[in-house]
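J.: The following comprises the amino acid sequence and a computationally predicted model.
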Amino acid sequence: MAYSDDSRILLKIAHMYYDEGATQQEIAEILGVSRPLISKYLAKARELGIVEIIIHDELAHPYTTLETKLEQKYKLREVIVVPEAGTNGVKRNLGFAAGNYVLRVAKKNQIIGVSSGTTMYEVAQAMPSGSVSVTVIPLVGGTGSERIETHTNQIAAQIADKLGAEYKLLHAPLVVDSAEAKEFFLRQSSIKDIFSLSSRCDIAIVGIGGTPEYSTMVKNYIGEDHLDELIGSGVIGDICYNFINEKGEACNNSWNSRVISLSLNALKEIPIVIGVAYGEEKLKAIHAALVGRLINVLVTDNLTAEKLLED
């Protein structure tokens, strides 16, 4: 059989392939032609509109269009949107989605860096079990004596346990008294080794802190008396405990000079940076992280995603 635009044969092949479930090879054998010719007929049927393939993505996952629009608007590697489900429910959903993404993209011998906080705790809790030969490291110092489960070392260890992976610990406080003290800490061999590893990170999973008046870090470490000072320096949120402005740049304040954390410039060098965050109080900070190219994968809820499209 030579190729022909005859509509009858186009319809016959289309029905056999799409309705009856025959393979291209089976159709070729029945009609006595080559398999490439059948492929050509099927392509022609689609080109002429005889066959129209509709993917009902909204039935399987209602946020596909929303994800695609965000990916295109902010030039992101991927956006994962989960349904809003109340504070505890949505954090679990975010954690599970972020964990599944890590399992999908992580490769043997890679280094995965993690930050800390309540959202990152949920990521660690919801991380699906797997077997990935990676090393998990902290990207920030410890956060005091309260809520030990949200400390970066605890989160790194728990994620590593879920992945069947190795992990390293960072024995350093979150913040020190001066920029000079920070330099001293960073020169210590054990701390220096961790930050050396962080410079070779393949994947980072980070939370995004909200505006100062809602920030747990401000309440625990800085005090609400300093809100005016922080807001005056342009702070709209934080990432890896570095305060950022609306452009996603590090703010010029005392805290940033004293925090023991991966720098924003170093964060930008990591190939895959997964930001996990949601909520009205974090909207400005998430937007800043996106426009500042601090993250290239976003895991959020549908309400936050919709608002990010409006900006």
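T.: Received it, and whenever you're ready, just let me know what you need. Numbering: from 1, shown residues only.
J.: Pull the number of nearby residues for residue 96.
T.: By the criterion of other C-beta atoms under 10 Å, residue 96 has 18 neighbours. Heads up, the C-betas are built off the backbone N, CA and C, glycines and all.
J.: mind saving the C-alpha coords of the strand ranked longest in the chain as CSV?
T.: Looking across the chain with DSSP state E, the single longest strand is strand 203-209. What follows is strand 203-209, C-alpha atoms only, in CSV (Å, rounded to 0.1, in the frame of the first residue of the first chain):
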residue,chain,number,x,y,z
ILE,A,203,19.4,20.0,45.5
ALA,A,204,18.2,22.3,48.3
ILE,A,205,14.9,22.2,50.1
VAL,A,206,14.1,25.4,51.9
GLY,A,207,11.2,27.1,53.7
ILE,A,208,10.4,30.7,53.1
GLY,A,209,9.7,33.0,56.1
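J.: helices or strands up against that strand?
T.: Secondary-structure packing of strand 203-209 (3 or more C-beta pairs under 8 Å, 6 or more residues apart in numbering; DSSP states H and E): helix 86-105, strand 111-114, helix 118-126, strand 237-239, strand 272-276, helix 283-291.
J.: tell me the mean pLDDT over that strand?
T.: Strand 203-209 shows a mean pLDDT of 95.
J.: Okay, buried residues for that strand please.
T.: Buried residues in strand 203-209, counting neighbours by 16 or more other C-beta atoms under 10 Å, are found at 203, 204, 205, 206, 207, 208, 209.
J.: what does stretch 252-268 give?
T.: Applying 16+ other C-beta under 10 Å to stretch 252-268 flags 253, 255, 256, 258, 259, 260, 261, 262, 263, 264, 266, 267 as buried.
J.: what do you get for stretch 237-248?
T.: Those would be 237, 238, 239, 240, 241, 242, 243, 244, 245, 248, for stretch 237-248 by 16+ other C-beta under 10 Å.
J.: My guess is the fifth one contacts residue 261. True?
T.: Yes - taking C-beta atoms under 8 Å as the definition, residue 241 is a contact partner of residue 261 at 4.8 Å.
J.: Are there residues contacting both of the two? Which ones?
T.: 140, 174 (C-beta atoms under 8 Å, 6 or more residues apart in numbering).
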